[in-house]
Structure formats: structure tokens, C-alpha cells
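Novice: Any chance you can model this:
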Amino acid sequence: MKRQQADFLIHTAGPLYTMEEQGLPDGPRRGADLSRVGVIQSGAVAALDGRIIDVGPRDELRERIEIGAGATVLDAGRSAITPGFVDPHTHAVFGRARSGEFGRRLIGESYQSIAASGGGIRASVREFRSIGREELLARTRDRLRAALSYGTTTIEIKSGYGLDFESEIKALEVIAELAGDPDLPASVATCLAAHEVPDEFREDREAYLRLVCDEILPAVAGRRLAERVDVFCEPGVYTPEETERVLARGQELGLRSTVHADELDGSGGAQVAARMGADSADHLGAISPDGIQALAASQTLGILLPGTIFSLGLDNQAPARSMIDQGVALALATDFNPGSNWCESVPLTMAIACTRLGIHPHEALVMSTLNAAHALGRSQRVGSLAPGKQCDCNILREESVDALCHHLGLDPIDTVVRGGRVAARNRPAGQE
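Specialist: Numbers count the residues shown, from 1 in each chain. Model prediction:
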């Protein structure tokens, strides 16, 4: 048998988590299948030109491939190897973090009261509008490098801190400029112009909705600056009816949709997302029984963001176990943003999901790889280790995903591979 040529090989004496198992239905994992992680003990992955060509036990794989001259070969020792993480909900394009609000929350102010006094998203909007494009580009690049170092190889990024035509376009242009950098995570852009009602439209929200639907979204779609449209469907922000209106306009223009749904109070956002065929309904800390049933009966994923509730010091985490038991397809995301969760780390998010949501580490891994890829429409490219997919993977510092979620307080990623090349190494001093 003729051996396949490979220019990249990664192997381990420990577990290789592929996310691929025979006999499972297509689509995102649900129910008991959510813990199926496709482990190959002493596994290996071979790639050519950034695409996986073979996966299997390393002794068998070595008999099937030919390592070309100048190929990259990575020996992970006994460390675990996982697919690259997919973070399907972030707000990585912003000016500066709102760290002062963190202290205010700790002495008793609520997120909602801070927002009502001009803080929160509205404060980030004022900051964003004043920052220059080059500074914004540099700050965002640094944040994406940090995300990559934590193992994120694909990341969703929203606009939403501009809330006027020029600033929303500026945000999406920054995302587009960074999207082609192979030393950063691959990105999926989402237009979140309906993140809040800006101050200048507080007395005429209808005029702002017209601006979003008649000017911002057509420009975004026409220039292909985003794939998706998002709305913050929450009491005091956008109603279910307004959310449907914005999503429907985006869909008319060829944009897929997602929804900030039922975050702090029940909004009916999960039902809107399911009814509109959205990619996902995100947050879901206050989801209703009807909302759970709507998601379970649909192709819309629920994206949980446990780090946000943790950072806010609240108790209303999403009812993850009930959602899993009822058949909702779930993913995890960081919600990386300047206010309610200043965190780029998917591994920390997984750990919080385990301790606060009752998620098993294997479920957390599926939710942060394969299911997250489905939530972004990227499951044919990333999210698992299989022939034909991009060679995106992580070498952990630990020998299992259980240890990844258990061992807190350090960067748990040793090496990040994106597109069949080493994109980041997190070696302790003296071990580079």
C-alpha cells in the first residue's frame, strides 16, 4: 500500500481526544452522546498543507504515512491532545475593560443599576467611539493572541460597542483585517448593532431600529463584514418582537442569526431563537421550561456562558443538566468582554461549567469543540480531529481532560497547533 505524504505529525503516549466515534448521528451531540469524546490511547494525527489526512493509533498510523523532509513532528509525551477549542461567543473588540464596575458590584451595586446609571454597555460605547482604529486593532490583536495561547483556534467576535453606523463598521473592519492572520485564531464575525439602545436614541428607539435594519445591516451584508446578526433580547433592552424584526431583516440580507437570550431575566429569547431558526440562543440563565422545550425541538443550540454569572457573583446559572436531559444541544463560550466577564480562557470556562453547572469534563470538551463548531456553522472544518478537517489541536500540560478542568491557577495548554503549524508554545522559563 502506498503511504500518504505528510508534512506534520503529532503523537502521544497518552489520550488523543478526537470527538469522532462511529454510530453517532450527524449534527451536534445531545443527551448521553454529549460525553462521547472518541479517545484513542497512544494516538496520532498526520496532516498535509494544514489539513488532516489520517488519525489513529500512532504505531498503525506510522505504517500508513511518509514523513516528508522538513516535516514538523511533535511528541506530546504522555500529555493529552485535544482539538483546538472553538469559542462561539465573545465581544473581543472593545476599548478598555470596565474594571471599576467590578469593585462597584462587590459592594452591592447590581449589573442592571450600573447600566441604568450610564455604565455597562453604554460606558463601553462612549469609550469605543473615541478610540482610534489603529489602537483598536492593536488591542484586539493582543487579546486574540491571548485567546490563542489558551487553546482557542476558532473564535466568534461581535461588534456592538459602536451603536452608530461608522463605529459598527469600524469594529467589523477590525475583525476582518485580523481574520487573515495565521498567528491568530480563525474568526467568525457577528453584527451586534442591537446590543443596547444608544444614548442619543433613548427617546426614539424606533429611529434606532430603523438605522439598524435600513442602514447598518444592509451595509454589513453588502460588504460581507459579518456572517451573522445578533440581538440582546432582555427586559429593558430589546423585546422579543424587536428581536424578531432585526433577525428577520438580517436573514433577508443573507445573514445567519443568534440571540442573547434570557440572561438575567426571562425574555422569551430562547423561543425567538428557535422560531427564527437561529444558530444559537446564548446565556440562558433565566430560561423558562417552554424555552427549554423550544430549543430541544429545534436545531438551535444553547450556548452557556458560566464565566459571566461567576464573574458577576450571581447564582442564576443556566439549568444545564435539565437542558441536557431534555435533549437541548449545548455549547460553551467565554463571553469575553470588557465588563461582565474579562476572560479569554476556554479552559477556565470549562472548569467553571464543571463545578457550577454539574457538567462532566468530557461533556465540557464536546461543548467547547464539536458542538461549539456546529453553533458557528464550522463543523465541516473544525471541532474534531478527522481527515479533511483543519489540523487545529492542543497539547495539554495534563494527561487527561479531567485534569485540565481540575487543575486551576495556571495556563493548562503546552502547545497550540493551527492549520498544521505551531501557533503558540506556553513553556515555563528555561524549557523553551
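Novice: can we go C-alpha only for contacts and neighbour counts from here?
Specialist: OK.
Novice: how close does E227 get to G254?
Specialist: Between E227 and G254 the computed distance is 8 Å (C-alpha to C-alpha, to the nearest Å).
Novice: Overlap of the contact sets of the two?
Specialist: Counting by C-alpha atoms under 8 Å, 6 or more residues apart in numbering, the common neighbours of E227 and G254 are A221.
Novice: In the longest helix along the chain, which residues are buried?
Specialist: Secondary structure of the chain per DSSP state H: the longest helix is helix 133-149. Of the residues in helix 133-149, 133, 136-137, 139-141, 143-149 count as buried by neighbour count, 16 or more other C-alpha atoms under 10 Å.
Novice: Reformat those residues into JSON lines and put pLDDT and distance to A47 next to each item.
Specialist: As requested, these are arranged in JSON lines below (pLDDT from 0 to 100; distance: C-alpha to C-alpha, whole Å):
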{"residue": "R133", "pLDDT": "93", "distance to A47": "37"}
{"residue": "L136", "pLDDT": "96", "distance to A47": "35"}
{"residue": "L137", "pLDDT": "97", "distance to A47": "32"}
{"residue": "R139", "pLDDT": "97", "distance to A47": "33"}
{"residue": "T140", "pLDDT": "98", "distance to A47": "30"}
{"residue": "R141", "pLDDT": "98", "distance to A47": "27"}
{"residue": "R143", "pLDDT": "98", "distance to A47": "28"}
{"residue": "L144", "pLDDT": "98", "distance to A47": "25"}
{"residue": "R145", "pLDDT": "98", "distance to A47": "24"}
{"residue": "A146", "pLDDT": "97", "distance to A47": "25"}
{"residue": "A147", "pLDDT": "98", "distance to A47": "24"}
{"residue": "L148", "pLDDT": "98", "distance to A47": "20"}
{"residue": "S149", "pLDDT": "97", "distance to A47": "21"}
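Novice: State the pair within these that is farthest apart.
Specialist: By the measure C-alpha to C-alpha, R133 and S149 form the most distant pair in these, at 24.4 Å.
Novice: quick check: mean pLDDT across the longest strand seen in the chain?
Specialist: Criterion DSSP state E: the longest strand present in the chain is strand 65-75. The pLDDT scores in strand 65-75 average 94.
Novice: Sort out which residues of it are buried, please.
Specialist: I65, E66, I67, T72, L74.
Novice: Packing partners of the helix or strand following the longest helix of the chain?
Specialist: For helix 133-149, the succeeding helix or strand toward the C-terminus, using DSSP states H and E, is strand 152-158. Other elements packing on strand 152-158 under the criterion 3 or more C-alpha pairs under 8 Å, 6 or more residues apart in numbering; DSSP states H and E are strand 85-87, strand 186-194.
Novice: residues in contact with the next helix or strand after the last one?
Specialist: Read that as strand 186-194. Using DSSP H and E, the helix or strand that directly follows strand 186-194 along the chain is helix 205-211. With C-alpha under 8 Å, 6+ apart as the test, helix 205-211 has contacts from F165, A194, V197, F201, V246.
Novice: with these in mind, which one is nearest to T82?
Specialist: T82 lies nearest to A194 out of the contacts of helix 205-211, by C-alpha to C-alpha, at 35.4 Å.
Novice: Return the residues in contact with the closest one.
Specialist: By C-alpha under 8 Å, 6+ apart, the residues touching A194 are G160, L163, L209, V212, D230, V231, F232, Y238, V246.
Novice: Check the gap between the nearest residue to the second one once chain neighbours are set aside and F102 for me.
Specialist: Nearest in space to L163, with sequence neighbours left out and distances taken as C-alpha to C-alpha, 6 or more residues apart in numbering, is A193 at 5.5 Å. For A193, the distance to F102 equals 25 Å [C-alpha to C-alpha].
Novice: Those two: which is more packed in?
Specialist: More neighbours surround A193 than the other of A193 and F102, with 31 against 18 (other C-alpha atoms under 10 Å).
Novice: Could you give me the buried positions within stretch 260-276?
Specialist: Applying 16+ other C-alpha under 10 Å to stretch 260-276 flags 260-274, 276 as buried.
Novice: One more: stretch 205-212?
Specialist: Using 16+ other C-alpha under 10 Å as the test for burial, stretch 205-212 gives R205, Y208, L209, L211, V212.
Novice: what's the most distant pair in those?
Specialist: R205 and V212 (10.6 Å).
Novice: rewinding a little: out of the contacts of A194, which sit inside strands?
Specialist: Among those, the ones falling in strands (DSSP E) are D230, V231, F232.
Novice: so who does the second one touch?
Specialist: Same thing as V231. V231 sits next to L192, A193, A194, H195, Y238, T243, V246, L247, T258, V259, H260 when contact means C-alpha under 8 Å, 6+ apart.
Novice: Look at it and report its pLDDT.
Specialist: pLDDT recorded at V231 is 99.
Novice: Number the chain from 47, please
Specialist: From this message on, residue numbering opens at 47, which makes the last subject V277.
Novice: Across the sheet, point out what pairs with it.
Specialist: Residues in a beta bridge with V277, per DSSP bridges, are A240, V305.
Novice: gap between it and I405?
Specialist: Plainly put, V277 is 27 Å away from I405 if you go by C-alpha to C-alpha.
Novice: which residues of the stretch 247-396 of the chain fall in helices?
Specialist: Counting by DSSP state H, counting those that start in this stretch, the stretch 247-396 of the chain has helices at residues 251-257, 263-268, 286-298, 315-321, 335-342, 352-358, 366-371, 392-403.
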